[in-house]
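Visitor: sequence and computational prediction follow.
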Amino acid sequence: MQIFAGSKLLFGVVVVSFLFVCGFAVTGPLRPLYIVEVGATTVQLGLIMALPSMISLFTRVPISTLSYRIGKRRLMFFSLTLSVVTTAIFAFIYDPIWFFPIISLAAFSWSVFSPIAIEIVSIRSTPINRGATMGVYFTSIGAAMLAGPILSSLLTLKMGLRQLFLISTTFPVLSLAAFLLLIKPWEREENQRVDEKEVEGSGGSRGSLARIFKIKNVIALCSARVAFSLSMGIFSTIFPVYAKDILGLTPSLISLLFSFRGFTNVLIRMPAGRLSDKIGRRKPFLLAYVIIIIVFILLTYTENFTYLMIVMALYGVGWGMRVAPSTALLSESVASEDRTIALATFMTMFDVGSTIGALLAGFTATFLTPPTLMFLCVPIMSSALIIFLLISKEII
């Protein structure tokens with residue numbers, strides 16, 4: 001592909017990221033079921049599901065700042081190694097209390113890896129092709145989110161959840177192997193990173209945060225991201241249990257539903273990135289949020305499996321369409337010296353929303369029905385859409 005022509009490093013990061021995310025995607029749709037199967041209560045489920053975003057919330061920005069001094073390559077290696085260990089241990093948990101430290105370490109692995117990977121992609125692109133480059137990278141993430149649930153659906157036809165979690169360790173192992181094999185040109189290409197003196201001269205992370213939050217696009221994008229991730233936190237926590245206990249679906253069918261979301265998610269990411277290069281970042285992003293609002297309205301009333309497949313496919317379209325345009329718009333809205341901290345902060349907003357959503361689902365599921373909880377996402381998403389529409393602007 002032409003985008004990879006000038007950078008073997010970019011190709012390596014895409015491959016490593018695909019395998020890394022697959023490790024989460026294979027088990028992600030069924031993780032709430034496994035946690036409940038081990039013996040967790042509804043409140044414990046909400047707390048455990050909120051842990052990944054809680055950990056990322058407090059570690060992502062500091063790690064991004066330290067990456068210039070510690071070295072991105074060392075941090076990536078550490079992250080991938082930690083992912084291998086935590087994924088393997090996850091399959092041997094028999095007491096819900098052990099989910100707390102293991103999931104915390106797994107979340108730390110993700111919070112280290114993700115900002116570094118995205119920054120490399122941003123650095124390797126230009127304003128002319130940034131949407132397309134971001135689209136390629138996030139398409140690889142979407143592909144992992146498609147492959148994971150499909151494989152999960154097939155495997156759970158023949159095995160239990162514990163065996164599924166054990167087999168999922170294969171992916172972080174492959175990701176670590178790909179990192180060691182494919183990211184050999186790192187040392188040469190990493191010379192383009194910001195010099196340490198430049199980082200120190202920028203005023204540190206506190207000064208960067210003060211600067212970026214004076215930018216209207218940053219405020220608009222962060223507000224929208226919190227709303228989206230809050231709704232996703234609610235959905236991810238309650239929907240698998242709701243689908244099994246109320247709708248009567250098997251783990252295999254639940255994973256199949258998530259594969260429909262993953263399929264449209266991966267299909268739309270690259271076209272959405274290229275489209276944003278041509279017509280601007282805001283229009284695809286606004287359409288994506290309108291689609292997600294419609295999805296949560298439909299989820300409130302849909303119980304038929306065939307209709308759920310359609311709704312989940314629509315969910316994937318909205319999710320995938322917002323990714324590349326929003327990341328590209330953020331990159332173009334801040335100064336180059338603030339880009340690392342801006343991307344990390346932007347990703348942290350996902351953690352804020354996910355934490356609130358998972359906790360809300362866990363603590364209110366005893367007196368609010370799952371459809372009611374999902375419908376609460378409609379006004380939340382609508383408010384964020386209005387805020388984005390009013391204060392955001394294109395960057396030319």
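Guide: Happy to help now that I have it. Numbering: from 1, shown residues only.
Visitor: the nearest residue to residue 42 once chain neighbours are set aside: what's it in contact with?
Guide: Sequence neighbours aside, residue 365 is the residue nearest to residue 42 in space, at 5.1 Å (criterion: CB to CB, 6 or more residues apart in numbering). Backbone N, C-alpha and C define where each C-beta goes, glycine included. Contact analysis of residue 365 by CB atoms under 8 Å, 6 or more residues apart in numbering lists 42, 46, 238, 373.
Visitor: per-residue pLDDT, the nearest residue to residue 247 once chain neighbours are set aside?
Guide: Nearest residue to residue 247, sequence neighbours excluded (CB to CB, 6+ apart): residue 303, at 5.9 Å. For residue 303, the model assigns a pLDDT of 89.
Visitor: kindly report the same for residue 131.
Guide: So, for residue 131, pLDDT stands at 65.
Visitor: and if you look at residue 389?
Guide: 90.
Visitor: just residue 93 next, same as before
Guide: As predicted, residue 93 sits at a pLDDT of 93.
Visitor: that one in helix, strand or coil?
Guide: Three-state assignment for residue 93 (DSSP: H, G, I helix; E, B strand; the rest coil): coil.
Visitor: that one reaches residue 99, doesn't it?
Guide: Yes. Contact criterion CB atoms under 8 Å: residue 93 and residue 99 qualify, at 6.1 Å.
Visitor: now do the shared contacts for these two.
Guide: Contacts common to residue 93 and residue 99, judged by CB under 8 Å, 6+ apart, are residue 38.
Visitor: helices and strands of this structure: which one bottoms out on pLDDT?
Guide: helix 196-201 (a mean of 41; mean pLDDT, DSSP states H and E).
Visitor: now the one residue sitting closest to the centre of the chain, what's its secondary structure?
Guide: Closest to where the C-alpha atoms of the chain average out (CA atoms, centre = their mean) is residue 350, at 7.8 Å. With three-state DSSP as the basis, residue 350 sits in helix.
Visitor: can you list the weak-confidence ranges in this structure?
Guide: 1-7, 61, 64-65, 67-68, 124-132, 183-207, 396 (pLDDT under 70).
Visitor: tell me the secondary structure at the nearest residue to residue 376 once chain neighbours are set aside.
Guide: Leaving aside its chain neighbours, residue 376 sits nearest to residue 234 (7.2 Å; criterion: CB to CB, 6+ apart). Recorded secondary structure, residue 234: helix (three-state DSSP).
Visitor: just to revisit the earlier point, I'd like to know how many residues surround the residue nearest to residue 247.
Guide: By other CB atoms under 10 Å, the residues close to residue 303 number 13.
Visitor: how close does it sit to residue 231?
Guide: 19 Å (CB to CB, to the nearest Å).
Visitor: from the contact counts, what lies against the strand or helix carrying residue 345?
Guide: Per DSSP states H and E, residue 345 falls inside helix 339-364. Here helix 339-364 touches helix 42-70, helix 99-123, helix 204-212, helix 216-245, helix 305-333, helix 370-375, going by 3 or more CB pairs under 8 Å, 6 or more residues apart in numbering; DSSP states H and E.
Visitor: same thing but at 10 Å, please
Guide: Contacts defined by 3 or more CB pairs under 10 Å, 6 or more residues apart in numbering; DSSP states H and E place helix 339-364 against helix 42-70, helix 99-123, helix 204-212, helix 216-245, helix 305-333, helix 370-375, helix 377-391.
Visitor: what's near enough to touch the residue nearest to residue 376?
Guide: 46, 49, 296, 353-354, 356-362, 364-365, 370, 373-374, 376-377, 380 (CB atoms under 10 Å, 6 or more residues apart in numbering).
Visitor: apply 6 Å and report the result again.
Guide: Taking CB atoms under 6 Å, 6 or more residues apart in numbering, we find residue 234 in contact with 357, 361, 373.
Visitor: tabulate the residues you listed (CSV), appending neighbour count and distance to residue 74.
Guide: Conversion of those to CSV gives the following (neighbours: other CB atoms under 10 Å; distance: CB to CB, whole Å):
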residue, neighbour count, distance to residue 74
357, 31, 33
361, 28, 37
373, 24, 42
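Visitor: distance check, residue 338 against residue 119.
Guide: Counting by CB to CB, the gap from residue 338 to residue 119 is 12 Å.
Visitor: swap in residue 373?
Guide: With CB to CB as the criterion, residue 373 and residue 119 are 35 Å apart.
Visitor: ok, so of the contacts of residue 234, who is nearest residue 274?
Guide: residue 357 (30.7 Å; CB to CB).
Visitor: nearest spatial neighbour of that closest one, chain-adjacent residues omitted?
Guide: Closest to residue 357 by CB to CB, 6+ apart is residue 233, at 2.3 Å.
Visitor: over to residue 119?
Guide: residue 340 (5.5 Å).
Visitor: one more: residue 375?
Guide: Closest to residue 375 by CB to CB, 6+ apart is residue 300, at 4.4 Å.
Visitor: tell me the contacts of the one you found?
Guide: Residue 300 makes contacts with 371, 374, 375, as judged by CB under 6 Å, 6+ apart.
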